[in-house]
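In: The following comprises the amino acid sequence and a computationally predicted model.
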Amino acid sequence: MEDLVKNARLINQQLARYGVKFGIYKDGQFQERLFPFDAIPRVIEADEWARLEKGLSQRVRALNLFLKDIYGPKRIIADGVVPEDFVYRSPGYIPQCEGITPAGGIYSHISGIDLVKGKDGVWYVLEDNLRIPSGASYPLIARTLCRRCSPETFRNNPVVDNRDYGALLRRTMDSVNTGGINVVFTPGRYNAAYFEHSFLAEKSGAALAESGDLYVRDSALYYRSTKGDQRVGAIYRRVSDDYMDPLAFEPTSLIGIPQSDGGLPGGERGRAERLRQRRGR
């Protein structure tokens with residue numbers, strides 16, 4: 001631990017050298033900043049983490065079942081558990097997804113659950129980020145640099161290894177792959193988390209693609225590559241819902257992938273329009 005504190009400046013210099021950055025918009029201007037490293041880690045005991053892991057896994061399963069029901073039979077509304085307006089007036093509700101069940105029935109494959117430990121010693125959930133959670137790459141590369149600066153810290157302490165994250169991400173994409181290559185879909189280099197997109201694509205062996213690299217043909221997604229056009233079997237999207245398809249969502253989007261049918265399966269356009277009217281939008 002002392003070595004980590006002593007080498008904090010060196011680790012931050014290495015992070016800068018490798019271009020580990022995140023972006024923010026301030027006063028309408030995009031600014032890139034170096035990822036700040038804190039040499040003093042928050043230590044979570046193994047027993048405490050095991051309990052957290054069990055609860056978080058259960059939470060993510062419940063959230064996925066909720067989404068599956070909302071875009072499907074809507075029993076949670078019919079049974080009066082959740083008010084109808086709570087769903088249809090929510091800015092996160094997407095009527096275009098009505099009746100669509102993704103491969104494996106999983107809606108959120110990677111979830112960012114924000115935790116905080118209160119003064120009472122109890123862990124609390126601040127937020128469930130199911131859309132495009134960001135930040136996994138920063139502790140990965142920071143841990144790599146920490147190992148280089150202080151290998152004894154990790155040799156002498158039973159720290160859980162996180163170096164298999166890239167392999168876990170690949171297995172996640174492979175588990176829902178419908179036949180084709182894996183792709184990490186990025187809005188481009190001016191996105192706040194572009195470093196992470198490229199880093200995770202490299203670590204998982206997936207292709208890093210922007211909207212111009214992808215197109216839809218006969219309801220299938222293809223990737224333009226130097227090897228020719230390749231079918232995409234799984235896509236890890238890092239593009240917000242509203243910008244995914246300019247024909248179905250935000251019409252001014254330049255970072256989405258337009259589909260010839262507007263992103264809606266047959267017979268869904270009318271239903272989507274009725275749902276929009278129902279929401280008062």
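Out: Alright, I've got the coordinates.
In: And stretch 119-136, end to end?
Out: The separation between the terminal residues of stretch 119-136, taken as C-alpha to C-alpha, to the nearest Å, is 26 Å.
In: the strands in the protein, which residues?
Out: 21-26, 29-34, 112-117, 123-129, 181-185, 207-209, 214-217, 220-225, 228-237 (DSSP state E).
In: Go ahead and confirm Val125 touches Gly112.
Out: No. Counting by C-beta atoms under 8 Å, Val125 does not reach Gly112; the two are 11.1 Å apart. For every residue, glycine as well, the C-beta is placed using N, CA and C.
In: And the two? Which one has more around it.
Out: The residue with more neighbours, out of Val125 and Gly112, is Gly112; 15 against 12, by other C-beta atoms under 10 Å.
In: that older thread, of the strands of the chain, give the one that comes closest to Cys146.
Out: Cys146 lies closest, by C-beta to C-beta, to one member of the strands of the chain: strand 29-34, at 16.4 Å.
In: Can you say which of the strands of the chain is packed in most?
Out: Highest mean neighbour count of the strands of the chain: strand 181-185, a mean of 23 (counted as mean count of other C-beta atoms under 10 Å).
In: chain center to that strand: distance?
Out: 13 Å (C-alpha atoms, centre = their mean, to the nearest Å).
In: Repeat that for stretch 39-57.
Out: Distance of stretch 39-57 from the chain centroid (C-alpha atoms, centre = their mean) equals 21 Å.
In: Name the residues of that stretch that are buried.
Out: Ala39, Leu56 (16 or more other C-beta atoms under 10 Å).
In: Pull the residues that contact it.
Out: Applying C-beta atoms under 8 Å, 6 or more residues apart in numbering, the external contacts of stretch 39-57 come out as Met1, Leu4, Val5, Asn7, Ala8, Ile11, Ile113, Leu115, Trp123, Pro158, Val160.
In: quick one, phi psi at the fourth one?
Out: Just to be clear, that refers to Asn7. The phi and psi values for Asn7, taken as degrees, to the nearest 10, are phi -100, psi 10.
In: Please list the residues outside stretch 232-241 that contact it.
Out: Contacts for stretch 232-241 (C-beta under 8 Å, 6+ apart): 92, 94, 103, 109-110, 131-132, 134, 169, 173-174, 176-187, 191, 193, 196-197, 200, 204, 206, 214, 220-223, 244, 249, 255-256.
In: Report the buried members of these.
Out: Those of those that meet the buried threshold are 94, 109-110, 131-132, 134, 169, 173, 176-177, 180-187, 191, 193, 196-197, 200, 204, 206, 214, 221-223, 244, 249, 255-256, by 16+ other C-beta under 10 Å.
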